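Novice: coordinates for the following, if possible.
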Amino acid sequence: MRRDGSWEVLKRQDEADELRVVAMREMDDGSLQVEERTDGELTFLTYGALTCVRSVTIAGDALEAAAWALGPEGRDARAAVRAFFSGQARFLSDLQDVLDAGGVSYAYQVSCGNDYVLRRYAE
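Specialist: Numbering: from 1, shown residues only. So this is what the prediction gives:
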């Protein structure tokens, strides 16, 4: 993947007035960001906002550990993340569970309407 910050869409679901898109991009500093964006009625009922964006950022020095935690794709975290979202229905929270179980540090942020939450790498 190019390090220009362009997004690669991994999953797109458009069902029953709800759109969910999962995408990833490699940042200039070598980190990998995975974002899940939901838009629609269910998002509004859940969060009180029409759009909610959640993202995980894995630092460049943690990508090898993330790849190992995600499975058999070896040492390429991008390929491992692609494979993780390519099969069954998976959400960003499922990725977080795998990273947590593997002891992989990541930053997490959520933006829903006027609300914003940030968890930095070491927290």
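
Novice: okay, now L118: neighbour count?
Specialist: 10 (other C-beta atoms under 10 Å). No exception for glycine: its C-beta is placed from N, CA and C like everyone else's.

Novice: surely it is in contact with Y108?
Specialist: Yes: counting by C-beta atoms under 8 Å, Y108 is a contact partner of L118 at 7.5 Å.

Novice: how about residues contacting stretch 85-100?
Specialist: The set of residues external to stretch 85-100 that reach it, using C-beta atoms under 8 Å, 6 or more residues apart in numbering, is 10-11, 22, 34-36, 54-56, 58, 66, 69-70, 81, 84, 106, 108.

Novice: among the residues you listed, name the ones in strands.
Specialist: Among the contacts of stretch 85-100, the ones falling in strands (DSSP state E) are L10, K11, V22, V34, E35, E36, R54, S55, V56, I58, Y108.

Novice: residues near the fourth one, how many?
Specialist: Under the neighbour criterion other C-beta under 10 Å, V34 is assigned a count of 26.

Novice: same check, this time on the last one
Specialist: Other residues near Y108 number 17, with proximity taken as other C-beta under 10 Å.

Novice: cool, the second one as well?
Specialist: Burial of K11 is recorded as 16 neighbouring residues (other C-beta under 10 Å).
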